[in-house]
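Peer 1: sequence? don't have it. structure:
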């Protein structure tokens, strides 16, 4: 479902988010107090405006009340981040996401009403650490402490084997689950244990970090 989203603050995080949302077809309004930042992104999104988002009257004039979601992506200026969040909630934006630089900043944002607080640098660092630990994975998404979902590209070392032979799947000995296999444009959801893995397949795998690490270490040296 397409949404109307306002992104406040056009640092690297704000620009990346606004551009991605726009490419996905959402209506995006990007706002920053730096006119140069606004000009640099104007061609990539629906609307880009140079404005002071710590001024309630300015936010009213922008029609902020009509947006489904607001993201306060302001980085180093904690005061502006907090004030913008307060004003967005006061104006009745249904869902406000706020970026925090550290836990104390995040706690303040939660207490003043932010519906969700994100820590881009911490989260990215954590995901990268998992990817380095697991090795040979395309991405990693934590779902609970010590558990996550990752994608693996089938290599020659294990292509040609079934999921059962690999020990994966709901009844596999490895303690991990293969949620789906992407084969070109085809996507197989919850593939059967008899499915043969082909070179270039992308396996979306879920499990405990220790189980994922052990599984990856084994299949990368086992010969078909």
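Peer 2: Structure received. Everything numeric here is computed off the predicted structure, so don't read it as measured data.

Peer 1: please make it C-alpha for all contacts and neighbour counts, starting now.
Peer 2: Will do.

Peer 1: adjacent strands (with direction) for the helix or strand where residue 152 lies?
Peer 2: Assigned by DSSP states H and E, residue 152 falls within strand 147-153. With DSSP bridges as the test, strand 147-153 is paired with strand 139-144 (antiparallel), strand 202-208 (antiparallel).

Peer 1: following it, which helix or strand shows up next?
Peer 2: Assigned by DSSP H and E, the successor of strand 147-153 is helix 163-166.

Peer 1: can you list contacts of that next one?
Peer 2: 158, 169, 172, 192-197, 219 (C-alpha atoms under 8 Å, 6 or more residues apart in numbering).

Peer 1: identify the farthest-apart pair in the residues you listed.
Peer 2: Pairwise distances across the contacts of helix 163-166 (C-alpha to C-alpha) peak at 18.6 Å, for the pair 192 and 219.

Peer 1: neighbour count for the two, which is higher?
Peer 2: Neighbours were counted for residue 192 and for residue 219 using other C-alpha atoms under 10 Å; residue 219 has more, 18 against 15.

Peer 1: most centrally placed residue in this structure?
Peer 2: With distances taken as C-alpha atoms, centre = their mean, residue 141 lies nearest the centre of the chain, 8.2 Å away.

Peer 1: pretty sure that one sits against residue 150.
Peer 2: Yes - here residue 141 reaches residue 150: they are 6.3 Å apart, a contact under C-alpha atoms under 8 Å.

Peer 1: out of the strands paired with strand 147-153, which one sits most buried?
Peer 2: Scoring the strands paired with strand 147-153 by mean neighbour count under mean count of other C-alpha atoms under 10 Å gives strand 202-208 as the most buried, with a mean of 21.

Peer 1: for that strand, what is the average pLDDT?
Peer 2: Model confidence over strand 202-208, given as mean pLDDT, is 89.

Peer 1: next secondary structure after that strand?
Peer 2: Once the chain leaves strand 202-208, the next helix or strand it forms, by DSSP H and E, is helix 209-219.

Peer 1: centre of the chain to that next one, how far?
Peer 2: Chain-centre distance of helix 209-219: 24 Å, with C-alpha atoms, centre = their mean, to the nearest Å.

Peer 1: one more: stretch 95-103?
Peer 2: 14 Å.

Peer 1: for it, which outside residues touch it?
Peer 2: 68-76, 81, 85, 88-89, 106, 109, 114-121.

Peer 1: between the two ends of it, how far is it?
Peer 2: 21 Å (C-alpha to C-alpha, to the nearest Å).

Peer 1: show me what counts as buried in it.
Peer 2: Neighbour-count burial for stretch 95-103 flags 95-101 (criterion: 16 or more other C-alpha atoms under 10 Å).

Peer 1: for this protein, what helix or strand is lowest in average pLDDT?
Peer 2: Here the helix or strand of the chain ranked lowest by mean pLDDT, DSSP states H and E is helix 120-134, holding a mean of 63.

Peer 1: circling back to that earlier point, apply the buried test to the contacts of stretch 95-103 and list what passes.
Peer 2: The neighbour count (16+ other C-alpha under 10 Å) marks 68-75, 81, 85, 88-89, 106, 109, 114, 117-119 as buried among the contacts of stretch 95-103.
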